[in-house]
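Peer 1: Dropping the sequence and predicted coords here.
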Amino acid sequence: MENVLNLKCLICGRHYRPDEIDYVCPDHGDEGVLDVIYDYDFISRRFSKESLLKSNDFSIWRYLPLLPVDPRVAVPSLSIGWTPLYHSPRLSSDLGLKDIWVKDDGRQPTASFKDRASAIAVIKAKEKGAEIITTASTGNAAAALSGLCASIQQANVIFVPETAPQAKITQLLVFGSRVILVKGTYDDAFELCLKATKTYGWYNRNTAYNPYMTEGKKTASYEICEQLDWNAPDRVFVSVGDGCIIGGLHKGLKDLFTLGWIDKMPKLMGVQAAGSNYMYAAWKNKEDILTKMPINAQTVADSISAGLPRDRIKALAAVNETDGAFICVEDNDILGAIPELARSTGVFAEPAGAAAYAGLVKAVEQNLVSKDETIVVLNTGNGLKDITGAMQAVDLVGTTPFRVAPDLESLKQVVAGW
Ligand SMILES: *Cc1c(COP(=O)(O)O)cnc(C)c1O
Ligand SMILES: [Zn+2]
């Protein structure tokens, strides 16, 4: 990793060599989240926008010189990243805005954004010679790790709350992971997984605790900017649970800005559910996130249900340093956003993915966005991940199927009523 200088504690600023520590700053316990610091001079001598023009690797590995892995490493064969960025004139006209784009990370191999991070996790675990990788997750990080481990025959143990959506638990079982269903919340699963790591020496992928997850997630920013011909958008809307995705987007944008590949920093708009609004409240009320107590999180958008966002330092910086905002949306708005987004774009999002769109709608209502801006909405997870949520959503907007006997007369009666 000649491209990496060191790991920096975001609380005390102390630097560590990458081979010195695996996870957090020892002086700050599990909260001492680290940032990976790169040697941009080294990178820019070897890597440019022009060199990308020649690349025919359409995955996150096209940005390998900006990732914290050895360039000679064998990457997993599952195709991660380079998800489509759709222009949506329909959404733009609905909301009265110039340009709206939807980046669909429901198209990842395990159907969520988390594949970007888990791809890095399995490589780091191999570097360490780990026999077992573990993670706690609301479901998607679990499925991502599970699928990536399956692709390279890596043993793993996964902790999820027993209330995780069936589809997500099913993915884990199909991929052959050892699955621990925790009788508690995601936050409980997270703590138990950390204890297991310390007890058994397993390699831990937990969001924020593992500093490299941000680095996988930042690749979405590279893709967005490259897909827009290096014209950075004005704003990116993304939902926030632990805050690793928004922190990762910020990191990717800072990389590009430092390299001079983009000439402005987009504003990052973090969308939270009203029932899981730790970051929104901390930001709005200027609370100290190092001392603010966990909240009791509850939302239909299970992927952003986090009582104590583990990547809160990076998440808050992402919004504050880009002059963005946190936005808080009700569960009903999140559910309503599922069919609205789907019917305008063909993109079927799980609740946490649709929340980003619900946040854009709210931001427009609150005049936080001006008409001539270029806006990217990030769908972070596929709608098939949570059928119960999707069924609630169509119920809410009153879309029901027509039941008929298998004869033309019955069908005619139905059609006559349209
Ligand atoms: C994990 C996840 C999020 C939130 O990401 P954080 O890093 O926890 O903020 C949003 N949407 C989906 C679908 C997710 O799986
Ligand atoms: Zn520290």
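Peer 2: Perfect, thanks for sending it. Ligands and ions are numbered 1, 2, ... in the order given.

Peer 1: what are the ranges of the strands in the protein?
Peer 2: 4-9, 15-16, 34-38, 85-87, 99-104, 133-136, 156-161, 178-182, 203-204, 235-239, 267-273, 325-329, 374-379 (DSSP state E).

Peer 1: what is the mean pLDDT for the longest one?
Peer 2: Taken as a whole, strand 267-273 has an average pLDDT of 98.

Peer 1: Got phi/psi on residue 113?
Peer 2: When read as degrees, to the nearest 10, the backbone of residue 113 gives phi -60, psi -30.

Peer 1: for the strands of the chain, which one sits closest to ligand 1?
Peer 2: When these are compared by CB to the nearest ligand atom, strand 235-239 sits nearest ligand 1, at 4.4 Å. For the C-beta atoms, the positions are set from N, CA and C on the backbone; glycine is no exception.

Peer 1: of all the strands of the chain, which lies closest to ligand 2?
Peer 2: Closest approach to ligand 2 among the strands of the chain (CB to the ion): strand 4-9, 3.1 Å.

Peer 1: so what strands line up beside that closest one?
Peer 2: Applying DSSP bridges, strand 4-9 is found paired with strand 15-16 (antiparallel), strand 34-38 (antiparallel).

Peer 1: Quick check: which of those strands has the most neighbours on average?
Peer 2: Across the strands paired with strand 4-9, the average number of neighbours (mean count of other CB atoms under 10 Å) peaks for strand 34-38, which reaches a mean of 21.

Peer 1: who in the chain is up against ligand 2?
Peer 2: 9, 11-12, 25, 27-28, 32 (CB under 5 Å from the ion).

Peer 1: Recalculate using a threshold of 8 Å.
Peer 2: 9-14, 25-28, 32 (CB under 8 Å from the ion).

Peer 1: Name the nearest of these relative to ligand 1.
Peer 2: Each of the residues of the chain next to ligand 2 was scored against ligand 1 by CB to the nearest ligand atom, and residue 10 proved nearest at 15.5 Å.

Peer 1: which ones are touching the closest one?
Peer 2: When contacts are counted by CB atoms under 8 Å, 6 or more residues apart in numbering, residue 10 is found next to 32-35, 313-314.

Peer 1: redo that, cut-off 10 Å
Peer 2: When contacts are counted by CB atoms under 10 Å, 6 or more residues apart in numbering, residue 10 touches 24-25, 28, 31-35, 208, 211, 247, 311, 313-314, 317.

Peer 1: what do you get for residue 297?
Peer 2: Residue 297 sits next to 138, 185-187, 241, 272-273, 275-278, 304-309 when contact means CB under 10 Å, 6+ apart.

Peer 1: and what of residue 191?
Peer 2: 30, 136, 159, 182, 184-185, 206, 308.

Peer 1: OK, contacts around residue 289?
Peer 2: With contact set as CB under 10 Å, 6+ apart, residue 289 has these partners: 31, 243, 278-279, 282-283, 308-309, 312-313, 315-316.

Peer 1: Actually, residue 245.
Peer 2: The contact partners of residue 245, taken as CB under 10 Å, 6+ apart, are 105, 113-114, 116-117, 207, 213-214, 217-218, 220, 238-239, 270, 303-304, 311, 314-315, 318, 352, 356, 378, 380.

Peer 1: Among those residues, which ones lie close to ligand 1?
Peer 2: 113-114, 207, 239, 303-304, 352, 380 (CB under 6 Å from any ligand atom).

Peer 1: picking that back up, show me the contacts of residue 297 that map onto helices.
Peer 2: Judged by DSSP state H, these include 186-187, 278 as members of helices.

Peer 1: Name the residue closest to the centre of this protein, please.
Peer 2: In the chain, the residue lying closest to the centroid (CA atoms, centre = their mean) is residue 245, at 4.1 Å.

Peer 1: okay, that residue: pLDDT?
Peer 2: For residue 245, the predicted pLDDT is 98.

Peer 1: Nearest to ligand 2 within the stretch 51-200 of the chain, name that residue for me.
Peer 2: Closest to ligand 2 within the stretch 51-200 of the chain is residue 194: 17.3 Å, counting by CB to the ion.

Peer 1: In this structure that residue contacts residue 31, no?
Peer 2: No - between residue 194 and residue 31 there is no contact, the gap being 11.6 Å when judged by CB atoms under 10 Å.

Peer 1: Quickly list what's touching both of those two.
Peer 2: 24, 209.

Peer 1: which residue sits closest to the residue of the stretch 301-418 of the chain found nearest ligand 2, ignoring its sequence neighbours?
Peer 2: Going by CB to the ion, ligand 2 is nearest to residue 313 of the stretch 301-418 of the chain, at 10.9 Å. Closest residue to residue 313 apart from its sequence neighbours, by CB to CB, 6 or more residues apart in numbering: residue 10 at 4.6 Å.

Peer 1: Next one: residue 319 relative to residue 306, how far apart?
Peer 2: Noted for residue 319: a distance of 16 Å to residue 306, by CB to CB, to the nearest Å.

Peer 1: higher neighbour count, the two?
Peer 2: residue 306 (28 against 24; other CB atoms under 10 Å).

Peer 1: if I read this right, the more buried one contacts residue 296, doesn't it?
Peer 2: No - using CB under 10 Å, residue 306 makes no contact with residue 296, being 11.2 Å away.

Peer 1: which residues are in contact with both of these two?
Peer 2: In contact with both residue 306 and residue 296: 185, 187, 276, using CB under 10 Å, 6+ apart.

Peer 1: among the residues you listed, who's most crowded?
Peer 2: The most crowded member of these, judged by other CB under 10 Å, is residue 276 (27 neighbours).
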